[in-house]
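> This is a predicted model, with the sequence first.
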Amino acid sequence: MEQKTSVLITGASSGIGQEIAVQLSKSYNVILGGRDQTRLEKTLKTCDTANNHLLWSFDLSNINSIEDTLSALLKENNCTVSHFVHAAGYAKPVPLKMLSVESILSTFHVNVISSAMVAKVLTRKKINQSALKNIVFVSSNNSNFGVKAFSSYVASKAAMDGLMRCLAVELAPTVRVNSVLPGLIRTTMSEHMYQDTKLIERVSLQYPLGLGTTHNVYSAVKFLLSDDAHWITGQQLIVDGGRTINYITG
């Protein structure tokens, strides 16, 4: 049986991950990763039917089971993964006085540790046949800044970017590893902000090019996965409409 090469996208059931999965399905076989089977099936229905796609219904917070379940999925479907996009993310505002070990670990499990464990599986020759060529982590431009009450989330994204740089060196020259750092994107995770009209008006003033969309992030990911980026690795690609260079006076 001919082996199928795919792109694995975690967080594919909604938001940025869903946009990336649907768009990449036009050019690749995709493996849609997410914890909600029903939502994954809805995403699958919007994917291009010309290619063969798989679902990986799995909760990435179960970090000790990642290696076995992903390895089994690839073996059972005679599949290898050439590109890995980690778009899954967990964010919950928790002020310092409310922090607990559990709340910190729940964030790091999904945002950082799971990405490392998936990468480990995909770089095992016995499991993935040396097929992996690209890894892209969807981080956040907040990984370079401070955000009140989001210490666990921001720290996890900073850790993700640190992991990205280490893997870029360790896996070169066969695998390129980069991060995309979006600004504010309208997703399920940020929808509560968009319900506050005055807040969004204030926030939008920080973005010279206006607020972004999930498609803006997909475009950056698509570039990093392409041969046009063949000499780019270990980089944080900021996609935030100019927010991080906008020095606001007054």
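Here it is on my side, so go on. Numbering: from 1, shown residues only.
> how about the residue nearest in space to the middle of the chain, phi and psi?
Computing the C-alpha centroid of the chain and ranking residues by Cα atoms, centre = their mean puts residue 87 first, at 1.8 Å. Per-residue torsions, residue 87: phi -110, psi 0 (degrees, to the nearest 10).
> how distant is stretch 57-66 from the center of its chain?
Put simply, stretch 57-66 sits 15 Å off its chain's centre (Cα atoms, centre = their mean, to the nearest Å).
> Please apply the same query to stretch 65-74.
19 Å.
> So which bits of it are buried?
For stretch 65-74, a neighbour-count test (16 or more other Cβ atoms under 10 Å) marks 66, 70-71, 73-74 as buried. C-beta here means a position set from N, CA and C on the backbone, and glycine is covered the same way.
> Next: stretch 220-234.
The neighbour-count check on stretch 220-234 (16+ other Cβ under 10 Å) flags 220-222, 224-225, 229, 233-234 as buried.
> Give me the subset of the buried residues of stretch 65-74 that lies in helices.
Counting by DSSP state H, the part of the buried residues of stretch 65-74 found in helices is 66, 70-71, 73-74.
> The helix or strand residue 82 falls within: partners in the sheet, and parallel or antiparallel?
For residue 82, the host element (DSSP states H and E) is strand 79-86. Strand 79-86 has the following strand partners under DSSP bridges: strand 4-10 (parallel), strand 134-138 (parallel).
> least trustworthy helix or strand in this protein by mean pLDDT?
Lowest by mean pLDDT, DSSP states H and E among the helices and strands of the chain is helix 191-194, with a mean of 72.
> tell me what that one is packed against?
Where contact means 3 or more Cβ pairs under 8 Å, 6 or more residues apart in numbering; DSSP states H and E, helix 191-194 is packed against helix 197-204.
> as a whole number, average confidence for the helix it packs on?
The pLDDT scores in helix 197-204 average 87.
> From the rest of the structure, what touches that helix?
For helix 197-204, the external contacting residues (Cβ atoms under 8 Å, 6 or more residues apart in numbering) are 184, 193-194, 210-211.
> Mind doing that once more with 6 Å?
If you take Cβ atoms under 6 Å, 6 or more residues apart in numbering as the criterion, helix 197-204 is touched by 193-194, 211.
> got these as JSON lines, with distance to residue 174 columns?
Output for the contacts of helix 197-204, formatted as JSON lines (distance: Cβ to Cβ, whole Å):
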{"residue": "193", "distance to residue 174": "40"}
{"residue": "194", "distance to residue 174": "42"}
{"residue": "211", "distance to residue 174": "37"}
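> Right, I'll call it a day here.
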